[in-house]
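**Student:** sequence unknown, structure follows:
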């Protein structure tokens, strides 16, 4: 493998590791799972595997977010509404 390809691969793996570490800070992921994942993340050198783990983590966090929003909506009697950036909160 040429040196430039190897460098790109190394940079991609490092970038994927950083993204995984970031997404694992989400409240959907317990501290114990974060710590367990760190060992795998640090040892993994396959970008494809890291991409797969990242996709799974993002999907899990998305499901957690959807559930949290549904719970909030149920607690508010269905009056839950997402505010858009810059939208005054007292208009509805």
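**Tutor:** Right, received. Where do you want to start? Quantities reported herein were computed from a predicted structural model and do not represent experimental measurements. Numbers count the residues shown, from 1 in each chain.

**Student:** the spatially most central residue of the chain and residue 34, how far apart?
**Tutor:** Centroid-nearest residue in the chain: residue 23, 3.1 Å away (criterion: Cα atoms, centre = their mean). Residue 23 sits 10 Å away from residue 34, taking Cβ to Cβ, to the nearest Å as the criterion. From N, CA and C alone the C-beta is placed, and that goes for glycine too.

**Student:** before we move on, the earlier item: quick check, the residue nearest to the centre of the chain in contact with residue 60.
**Tutor:** No. Contact between residue 23 and residue 60 fails when scored by Cβ atoms under 8 Å: they sit 9.1 Å apart.

**Student:** what's the neighbour count on residue 58?
**Tutor:** Using other Cβ atoms under 10 Å, residue 58 has 14 neighbouring residues.

**Student:** now do the helix or strand that contains it: distance to the chain's middle.
**Tutor:** Applying DSSP states H and E as the criterion places residue 58 in helix 47-75. Centroid separation between helix 47-75 and its chain, computed with Cα atoms, centre = their mean, to the nearest Å, is 7 Å.

**Student:** and it, what's buried?
**Tutor:** Neighbour-count burial for helix 47-75 flags 47, 50, 53, 54, 57, 61 (criterion: 16 or more other Cβ atoms under 10 Å).

**Student:** again with stretch 32-45
**Tutor:** 37, 41, 44.

**Student:** and it, average pLDDT?
**Tutor:** Averaging pLDDT along stretch 32-45 gives 94.

**Student:** ok, and what's touching it?
**Tutor:** Contacts to stretch 32-45, defined as Cβ atoms under 8 Å, 6 or more residues apart in numbering, come from residues 13, 17, 20, 21, 24, 25, 29, 50, 53.

**Student:** returning to that earlier point: same list (the buried residues of helix 47-75) but as JSON lines, adding distance to residue 71.
**Tutor:** Shown next, in JSON lines, are the buried residues of helix 47-75 (distance: Cβ to Cβ, whole Å):
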{"residue": "47", "distance to residue 71": "36"}
{"residue": "50", "distance to residue 71": "31"}
{"residue": "53", "distance to residue 71": "27"}
{"residue": "54", "distance to residue 71": "26"}
{"residue": "57", "distance to residue 71": "21"}
{"residue": "61", "distance to residue 71": "15"}
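
**Student:** done for today, thanks.
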